[in-house]
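>>> Need coordinates for the following:
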Amino acid sequence: DVQVPVRYPRTAGARPTPQDDPVNAFVRVLEIQGAPDGPLAGRRIGIKDNIAVAGVPITNGSRTLSYTPLQDAVVVERILDAGGFIAGKLNLDDFSASGFGDTSVFGPARNPIDPARSAGGSSSGSSAAVAAGLVDMALGVDQGGSVRMPAAACGLVGLKPTHGLVPSFGLTHMDHTLDCIGPIAR
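Predicted coordinates:
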């Protein structure tokens, strides 16, 4: 484990068992408690595994790029400062490349509404985790629909905010001029 200076204590977490994660939404389960109060107090949040959580390996859903960031992404800092509880890093297509949620090295996230259907891509784990009730909300990353399409596939709402409105520091970019971190919720 890499020791990094953080305001909110954490461990690197672990891969969940199939019993704990029946839809294969998580890459790692975590327990990072944010501030004691705030607008997200009591909310379980999932983070797509191409957004940095300090001290927790980031895989990008790929066999070829994994590293442990030393600093939280700005969105992670803000969630924790608002009282959120980070429950895990979520599955995604290999390098968030265009796909339907089926190219992750961890295998595809499954659609909790209808396992015969895709959970969408590339933020498939984010939408599957929310739809299965494993987290209250999740962050995904959208260029051309990678938050909105998986959210819709799982009966949820996903938003691609105005470019630049949500800070993207700490994101493994595909294209920094198009990538937007956005929420997925009921």
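
>>> May I see the buried residues of the longest strand belonging to the chain?
Ranked by residue count and defined by DSSP state E, the top strand of the chain is strand 26-33. For strand 26-33, burial by neighbour count (16 or more other Cβ atoms under 10 Å) applies to 26-30, 32. To be clear about C-beta, it is placed using only N, CA and C from the backbone, and glycine gets the same treatment.

>>> next one: it to chain centre, how far?
In this view, strand 26-33 has its centroid 10 Å away from the chain centroid, taken as Cα atoms, centre = their mean, to the nearest Å.

>>> tell me the mean pLDDT for it?
Mean per-residue pLDDT for strand 26-33: 98.

>>> tell me what the following helix or strand past it is packed against?
The element immediately downstream of strand 26-33 (helix or strand, assigned by DSSP states H and E) is strand 44-48. Here strand 44-48 touches helix 74-81, strand 85-90, helix 124-131, strand 137-142, going by 3 or more Cβ pairs under 8 Å, 6 or more residues apart in numbering; DSSP states H and E.

>>> Out of the ones you listed, which gets nearest to residue 153?
Within these, the stretch nearest residue 153 is helix 124-131; the backing value is 6.5 Å (Cβ to Cβ).

>>> quick one: low-confidence parts of this structure?
Scanning the chain for pLDDT under 70 picks out 1-4, 98-99.

>>> swap the cut-off to 90 and go again
Residues of the chain meeting the criterion pLDDT under 90: 1-6, 63-65, 95-103, 163-164, 173-178.

>>> How about residue 30: what's its closest non-neighbour residue?
Sequence neighbours aside, residue 13 is the residue nearest to residue 30 in space, at 4.1 Å (criterion: Cβ to Cβ, 6 or more residues apart in numbering).

>>> ok, now which ones touch that neighbour?
28-31, 56, 88-89 (Cβ atoms under 8 Å, 6 or more residues apart in numbering).
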